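Asks: Provided below for reference: sequence and predicted model.
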Amino acid sequence: MHARVRPSLYQQLEALPDGLVGEILDGQLHAQPRPTGPHAYAASMLGADLAHPFDKGRGGPGGWWIIDEPELHFLLDVEVDVPDIAGWRRERMPHLPEGHRFTVVPDWVCEVLSASTESKGCEIKMRIYARFGVAHAWLVDPRKRTLETYDLVDGAWRESGHYSGRDAVRAIPFDAVSLALDDLWGQ
């Protein structure tokens, strides 16, 4: 009789049904449904607002890759994270990867929070981002209409800004342009 070989966590992630987003965080497989409308809208609008001045250099300094839902591989297939948006300075990652695996640690990540992802985004993923040296992280909460910004200082997160409602935002690393926070809420 042959022993059954259990699929690796990454094989289990790849086998998830369509409509689920899978991640391997701290050695555990996490799966959640695709984002709600307000969550997806906030991520889409923020990505668009950043892409023109920072990715394309239209009305801003350029020099960045701004990517929606990249599959980050911090430790080969052991730690697999999918932030809502991530950004890399082009001098650190001159070319996009050919496949779907991003192995260069991003310079910035953004997590859009919802009732089902808030604890994972704030507790588990922020700890992982700090461990691997992501320099900046933003947390967007469409329910509360807030943006919190964080900078990594000596391996720990330091809150660098808290914005809400209709604030105009100039936040590191994208402080070269002002972002209208109320554009993210779909109202």
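Replies: Arrived safely.

Asks: quick one: buried residues of the helix of greatest length in the chain?
Replies: Scanning the chain for the longest helix, with DSSP state H as the assignment, gives helix 37-50. Along helix 37-50, these residues count as buried under the neighbour rule (16 or more other C-beta atoms under 10 Å): 38-47, 49-50. For the C-beta atoms, the positions are set from N, CA and C on the backbone; glycine is no exception.

Asks: how far is stretch 158-170 from where the chain is centred?
Replies: Distance of stretch 158-170 from the chain centroid (C-alpha atoms, centre = their mean, to the nearest Å) equals 17 Å.

Asks: rewinding a little: closest to residue 183 out of the buried residues of helix 37-50?
Replies: For residue 183, the closest of these turns out to be residue 45, at 5.4 Å, with distances computed as C-beta to C-beta.

Asks: how about that closest one, what does it touch?
Replies: 183-184, 186 (C-beta atoms under 8 Å, 6 or more residues apart in numbering).

Asks: after the helix or strand of the chain with the lowest mean pLDDT, next one along is what?
Replies: Of all helical and strand segments in the chain, the minimum by mean pLDDT, DSSP states H and E falls on helix 118-119, at a mean of 69. Once helix 118-119 ends, the next helix or strand along the chain (criterion: DSSP states H and E) is helix 126-131.

Asks: what about the next helix-or-strand element following that following helix, average pLDDT?
Replies: Sequence-wise, the next helix or strand downstream of helix 126-131 (DSSP H and E) is strand 136-141. Strand 136-141 carries an average pLDDT of 97.

Asks: same check, this time on stretch 37-56
Replies: 95.

Asks: now do the contacts for the closest residue in space to residue 166 that isn't next to it in sequence.
Replies: Spatial nearest neighbour of residue 166, excluding adjacent residues (C-beta to C-beta, 6 or more residues apart in numbering): residue 182 at 4.2 Å. Contacts for residue 182 (C-beta under 8 Å, 6+ apart) come out as 145, 165-166.

Asks: how about the strands in this structure?
Replies: Using DSSP state E, the strands of the chain run over 20-25, 28-33, 64-68, 71-73, 80-81, 85-89, 101-102, 108-112, 136-141, 146-153, 156-164, 168-169, 179-180.

Asks: out of the ones you listed, which is the most enclosed?
Replies: Ranked by mean neighbour count, those are led by strand 108-112 with a mean of 26 (mean count of other C-beta atoms under 10 Å).

Asks: outside of that strand, which residues touch it?
Replies: The contact list for strand 108-112, computed with C-beta under 8 Å, 6+ apart, reads 35, 39, 42-43, 46, 83-87, 117, 121-122, 125-126, 129, 134-142, 173-174.
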